[in-house]
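Colleague: From the sequence below, what's the structure:
(3 chains)
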Amino acid sequence: MTAALDLFASAGLWAAMLRIATPLIFGTLGALLCERSGVLNLGIEGIMTFGAMVGWLTVYHGGDLWLGLLAAALAGAAFGLLHALLTVPLGVSQHVAGLGITLFASSLAYFIFRLAIPVSGSPPTIVPFQVLQIPLLSNFPFLGEALFHQTAPTYVAILLALLLGYLLGATPLGLAIRIVGENPHAAEAQGLDPIAIRVGAIAFGSALMGLGGAFLTLSAFNSFFPTMVQGRGWVCIALVVFASWRPTRALLGALLFALFDAYQLRLQHIVGKAVPYQLFLMLPYVMSIVALLVMARRARVPQALMQPFRRGER
Amino acid sequence: MRLERRASVPVTLAVAAPFGAVLVALLLAGILIAMTGAPVLEAYRRILISAFGSKSSITETLTRATPLILTGLAVAVAFRTRLWNIGAEGQFYSGALVAAMLGSQHGLQLPGAALIPILMVAGAAAGAILMLAPLGLRLRFGVDEVVTTLLLNFITILTVSMMIDGPLKDPMAFGWPQSVPIVGDAFLPKLVSRSRLHIGFLIAIGLALLIWLVQERTVFGLETRAAGLNPAATTFAGIKVNRLLVKVACISGGLAGLAGAIEVLGVKGYVTTDLSPGFGYTGIIVAMLAGLNPIGVVVTAIFVATIFVGSDGMSRGLGVPSFIADVIVALSLLAVLVALVLTNYRIRR
Amino acid sequence: MNDIVLSLEGITKRFGSLIANDDVTLNLRRGELLALLGENGAGKTTLMNILFGHYAADAGRVVAFGRELQPGRPRAAIDAGIGMVHQHFALAANLTVLENIVAGTESIGRLRGDWRRARVKLTEIARRFGLAIDPDARVGDLSVGERQRVEILKALYRDARILILDEPTAVLTPQEAEKLFDTLRVMAAKGLSLIFISHKLHEILAAADRIVVLRGGKVTAERITANTNKNELAELMVGRPVTRPAREAQQPGALVMRAENVCVAGFRPLSDISFELRAGETLGIIGVSGNGQSTLGRLLGGLVKPTAGSFELLGATVTEPTPASFVACGVARIPEDRNVDGTVSDMTLWENSVLERIGERRFSAFGLVRRSGARAFAKTIIERFDVRGGVPDTPIRLLSGGNMQKLILGRNLLTSPRILVAAQPTRGLDEGAVAAVHAEILAARRAGAGVLLISEDLDEILQLADRVQAIANGRLSPSIPIEDAEPRRLGLMMAGAWSEMA
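Modeller: Predicted structure coming up:
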């Protein structure tokens, strides 16, 4: 039992938490932004897969790591625009369109990957992001190793959560996004263009999803393989609800979630073969369902979520 | 630009829409094929030949279509009442797991005539239970079933993995994680000898017809349609929408579970974690392409099976990655969504 | 004339085959209070939506302060100094008053919203026009009257010089409406120009300087208020002399429904309501919308259970109400929103006719639908209740509101009910349909049904009811005979001030 508790005292656990949380932070923020404007984006799983692939491929073909991230973001935005086209001006069911985007983006990712990299024994690798040494902070005993031994994208993700919180809460643009998500007719009566705002929010949110995927291949691992996203996108969708659609809470939710995940990974080593490893792998999904259960009735849902906006119709 | 709802949709347009959508998807996928350097028309010709060129390829295509008909029906039935069952993949595995478990030599000791129906019912029941749980969470706690059914897919497949790694592991499989095979009596009779096509195909078609009849002619069909179109008015009319949802969840989950059971009993004889190449997710595409019509599901399932089986053959010959099949069907789904809007609405400036 | 601030020139707008506005021309002067009169479906709202840029007109142009507005863009109208108070408020319930008002007013590229300056400006405007409001209140927590104030403040905050109000009194008590018109007069005196849309003759006569009448999408008349009267306006609006069927005196019969101190929990709860309803009489429930009418309608439709008190139906205490048991007892139910609760818009007329009694032997057997029986039932309704625009197999969404309502009435009244619960039965209908619905309600009363009429329309209650009770904040006033119900008294009752009157 003490061994299980001792894990919390290891800096490695906290570093792993930040690492595991990073793609979830990107993905959750992206999904959150879409939903704040009133559109559910279930394309997330596929967009993350595509981001992971295209980011990796860019670097594999000699691109800079940051160029890889940019490519993933742009690809994410492109799929976001497709989702936006279907759901905003055309008003297609957001559930079905999102799933369609996921199936399309992931199959296209596998197709392009297979085309670029013929089947081989072991998957080719790249040199991923390295730990960014921050002067002073990284050398701080324990805390330095626990919190400041991360790659650059992790810091970007945390910064983004704070920025997005500021954007939604304190800027005219953020207010515009919120009012569109609450009541697009009210937004229109104020001279805002709900369609343009939704399209923009979805494109940008999807770009963040692409970044989340790219983190997997450019930082967490160094190669791409199909099904590597492993339902992280769906976890993000659950985390948005858990976070009550607030960016800073999304950050906390992702960290909490990742802490749990990092902890169970270490616990596996202690418990050994006594408990099947699949039970541990299930935990993130079970936790997501529990998170939904806890928050479903409490959270203040954007009122116009999943309601298509048609001019002049109410 | 504005969309204006058409007063009535011309029948020709409604029928032509999915075909047009598929055509657009094939055109777009053609661009991808061309990018690989392969001749596009030749590629499509080979897809057709590989899927329908010989008796064995035809039976193979229909074998592949069988689980797709069932998962397609599972999705169509659920979506019609606005129950968003995205969990057909997990329900498929749960049905497969239960059928394999009870059908093995350690399971039920019954003669074939009794064993097969019982295994199928058990598989369906497993699928139904797996759908009832998320519905319960929705009705009781207001949790959206889309995400819960999606997450349950992962949980179920991990459960299967755990079982075939542990208690169900086949000791004769050279260490491969697969379940103990079912007994010979549990195998479904073949439809065509020396092929993989089994009577599950007929069962699937029979169920499609049955569901169509129920939807068209019965009170239950009328009520479920009303509940999907307008739950408030349906409740006002005194119909218990929640009870309907429970029944629909059982039918939907049951169909997906049955698909898994039939795949084990008819084709594989055991369970692995790659038993389904995404039958559950593809079921969504099958159902949407069919406009949620049960008879249409049979047609679109065969179409999708054609693309998958055909692409395998084409891929071997022309070196186009076989993932092109997934791309084609996913594009078909997106295209049919657009086509549906354009049939129901007209665009005004 | 150069004091014309706004002119609409030859506006035409079609929706499919329907012509909503046909070559409409209209001028508004500085400091003027212009009323746009017309019945439901005359094209008033469409016209104002074009003016404000929600729609683009098919022909014609809008000129404000000498400049033509770019069509189809609310932003252009706002920039030109036009503000609109929508009938269904365009407000985000989860945002604060200040957020609702400020959204869209600042450049979207700004890195920080200047909420402090906005608050100062808002407070200043609110003081100048006497429209006090808490800027930090969540709009969802405000009363309907306060929300309307927010709508007006939104326009004033953007320095609107022209204000359009779409049916502004629909949600107000008579007293609140009077206060609103006082505010509007203050605004006109300060140089603003106002258009308000209404079909209520008395308030138009009381408030407007000039009246433009719209009928069938065309301007049919224009009058200076001083030179016209109620009868003339009514005839101009409808196009023929208006005759609504009148109520005849009749002796009430046995008690058919009784509630004593009934409470219902939940959203917009009811507390301690009591009433009695007898056969052959009409009890009117008057009230401003949002005071619990929906919950009352649901209680009387068998959809919710009383949490306290006793509720009797035909002499038997109701414990486990269901819509089916109410229908079986002979309760006819007209829901307040025919599009949400009353019909499944994508289903056919016959399906909508039988949905609530599909279990009856003539409509189903052994779980199978008897289509011939159901179609015949729908056909009888169509003929007997003069439902136009469809056959049994037409999707009901293709019917006009009036015909949809006639079908709903028909499916309920064809079976000679003992009780008729009608919630807002004529909301949004034109005069012809109103007369038809009123005639059916009176016929049901004549046939001996107890009628419980929930309405926001004072005229409707005065014409149909024998007795009236007011609903305010989830409570019911004691009943008064219709002879004693003069508008001022009803107004007080609707404001919840019945205890002071007694």
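
Colleague: residues in contact with the closest residue to chain A within the stretch 51-200 of chain B?
Modeller: With C-beta to the nearest C-beta, the shortest gap between the stretch 51-200 of chain B and chain A falls at B:M162, namely 3.8 Å. C-betas here are computed from N, CA, C, even on glycine. When contacts are counted by C-beta atoms under 8 Å, 6 or more residues apart in numbering or on different chains, B:M162 touches A:276, A:278-279.

Colleague: can you check B:S8 too?
Modeller: Contacts for B:S8 (C-beta under 8 Å, 6+ apart) come out as C:395, C:398.

Colleague: mind checking the SS state of it?
Modeller: coil (DSSP: H, G, I helix; E, B strand; the rest coil).

Colleague: residues near the closest residue to B:F236 other than its chain neighbours, how many?
Modeller: What sits nearest to B:F236 in space, not counting adjacent residues and going by C-beta to C-beta, 6 or more residues apart in numbering or on different chains, is C:D341, at 4.2 Å. By other C-beta atoms under 10 Å in any protein chain shown, 24 other residues sit near C:D341.

Colleague: How about C:R185?
Modeller: In terms of burial, C:R185 registers 14 neighbours under the definition other C-beta under 10 Å.

Colleague: Can you tell me the closest non-neighbouring residue to the closest residue to chain B within the stretch 201-350 of chain C?
Modeller: Residue nearest to chain B within the stretch 201-350 of chain C: C:P323 (3.2 Å; C-beta to the nearest C-beta). Ranked by C-beta to C-beta, 6+ apart and with sequence neighbours excluded, the top spatial neighbour of C:P323 is B:G238, at 3.2 Å.

Colleague: What is the neighbour count of the one you found?
Modeller: 22.

Colleague: is it true that it touches C:P321?
Modeller: No: B:G238 is not in contact with C:P321 according to C-beta atoms under 8 Å; the separation is 10.4 Å.

Colleague: where do the contact lists of the two overlap?
Modeller: What both B:G238 and C:P321 touch, as defined by C-beta under 8 Å, 6+ apart, is the set C:G302.

Colleague: average pLDDT across stretch B:182-192?
Modeller: Regarding stretch B:182-192, the rounded mean pLDDT is 92.

Colleague: And for stretch C:438-448?
Modeller: Per-residue pLDDT over stretch C:438-448 has a mean of 95.

Colleague: and if you look at stretch C:292-308?
Modeller: In this model, stretch C:292-308 carries a mean pLDDT of 94.

Colleague: Stretch B:54-61 now?
Modeller: Throughout stretch B:54-61, pLDDT has a mean value of 95.

Colleague: List the contacts of it.
Modeller: Contact with stretch B:54-61 is made by B:49-52, B:191-192, B:195-197, B:302, B:305-306, B:309-310, B:313, as judged by C-beta under 8 Å, 6+ apart.

Colleague: Which ones among those residues lie within helices?
Modeller: B:49-52, B:302, B:305-306, B:309-310, B:313 (DSSP state H).

Colleague: Is stretch A:186-202 positioned near chain C?
Modeller: Yes: Stretch A:186-202 is in contact with chain C by C-beta under 8 Å from any C-beta of the partner chain, via A:186-193.

Colleague: The residues you listed into TSV, with extra columns for pLDDT, neighbour count and secondary structure?
Modeller: What follows is those, written out as TSV (pLDDT from 0 to 100; neighbours: other C-beta atoms under 10 Å in any protein chain shown; DSSP: H, G, I helix; E, B strand; the rest coil):
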residue	pLDDT	neighbour count	secondary structure
A:A186	95	27	helix
A:A187	95	30	helix
A:E188	93	25	helix
A:A189	92	29	helix
A:Q190	93	24	coil
A:G191	92	18	coil
A:L192	95	24	coil
A:D193	94	18	coil
